[in-house]
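Visitor: Sequence and predicted structure are below.
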Amino acid sequence: MSTEAELTEPHSMSQILPIRMTSRVVRGYGRGSKELGIPTANLDTEQLQFSKDVTLEEFPTGIYWGVSRIADQSVYTAAVSVGYNPTYGNDTKTIEPHLIAPEQDPRRHASSTGETLMKDFYDQTCRLSLIGYMRPELPFEGLDKLIEAIKGDIAKAVQLGNEVNDTLMTEKDWVQSDEPARV
C-alpha cells in the first residue's frame, strides 16, 4: 500500500482515481444541514469498502467530485469532502458527499443557502465514485468563507459532471449497478 504523501502527488492521484466505494450513511456532526445549509451523507468509515488497495487512513484528504447513489435514488453528481474538516478541527477523518440534484429538480435550491436538500438517508447504502480531485481541504476564517468555498466546489463539480467522457459514463454505470466496489 502507498503512503498518503505518495498518493497526494499528481501522478499518484491519476493512478488511484477514479476510486469506487460503498458504505452505509450514518449521522455526522449535524453541521452540514444546520450550520452550513449544505447537507452531506456521512459514510460509515468502519464499513467502508474501496475498489482499490488503499485504506481510509492512506487516502489523501481533500475536496473531490464524483457521482453517487443512495438506496434506490438516481445517480447524482457529488462534491465530496474527505478529511478532518479543519475549520472545525475534527480528530476523525470522514467522507461526506453532498449530492447535487439537477438544476430543474425542485430540491436543487431548497436549502437555506440555495443548495440541494434531500431527505435523510441514515442507514441506507451509498455508492460513490470519486472521479477527480478539486482542491486540498483548508481551514476557513468563519462560516461565511467556508460556505462560499463549498458553493464554489459544488459549482465546479456540476461543471465537471456535465462534461461527457468515457470515465464519467463508466462510473455512472457502476454507481447505478449493484456490483461490489472491490472486484
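Guide: Yep, it's here. Remember, predicted model here, so these are calculated numbers, not experimental data.
Visitor: Which stretches in this protein count as helices?
Guide: Using DSSP state H, the helices of the chain run over 4-8, 10-16, 31-34, 143-162, 166-176.
Visitor: buried residues in the third one?
Guide: In terms of neighbour count (16 or more other Cβ atoms under 10 Å), helix 31-34 has its buried residues at R31, G32. C-betas here are computed from N, CA, C, even on glycine.
Visitor: which residues are in contact with it?
Guide: I38, P39, T40, Y88, E96, H98, S111, L117 (Cβ atoms under 8 Å, 6 or more residues apart in numbering).
Visitor: Take the helices of the chain and lay them out in TSV including distance to P106 and mean pLDDT.
Guide: Formatted as TSV, those follow (distance: least, Cβ to Cβ, whole Å; pLDDT from 0 to 100):
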stretch	distance to P106	mean pLDDT
helix 4-8	39	43
helix 10-16	36	67
helix 31-34	17	84
helix 143-162	17	96
helix 166-176	22	97
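Visitor: mind putting these in CSV, distance to R182 included?
Guide: Shown next, in CSV, are these (distance: least, Cβ to Cβ, whole Å):
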stretch, distance to R182
helix 4-8, 18
helix 10-16, 14
helix 31-34, 28
helix 143-162, 24
helix 166-176, 12
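Visitor: and of these, who's closest to I131?
Guide: The closest of the helices of the chain to I131 is helix 166-176. By Cβ to Cβ, the value is 5.7 Å.
Visitor: Residues contacting that closest one, please?
Guide: So helix 166-176 is contacted by P18, R20, G66, V67, S68, R69, V75, R127, L128, S129, I131, G161 (Cβ under 8 Å, 6+ apart).
Visitor: which residues sit in contact with P139?
Guide: Counting by Cβ under 8 Å, 6+ apart, P139 has contacts P86, T87.
Visitor: Name every sheet partner of the longest strand anywhere in the chain and say whether each one runs parallel or antiparallel.
Guide: Secondary structure assigned by DSSP state E gives strand 125-135 as the longest strand of the chain. Pairing partners of strand 125-135, with direction, according to DSSP bridges: strand 19-26 (antiparallel), strand 62-70 (antiparallel).
Visitor: what inclination does the shortest one have with respect to helix 166-176?
Guide: In terms of direction (axes from the mean of the first three to the mean of the last three Cα atoms, to 10 degrees), strand 19-26 departs from helix 166-176 by 40 degrees.
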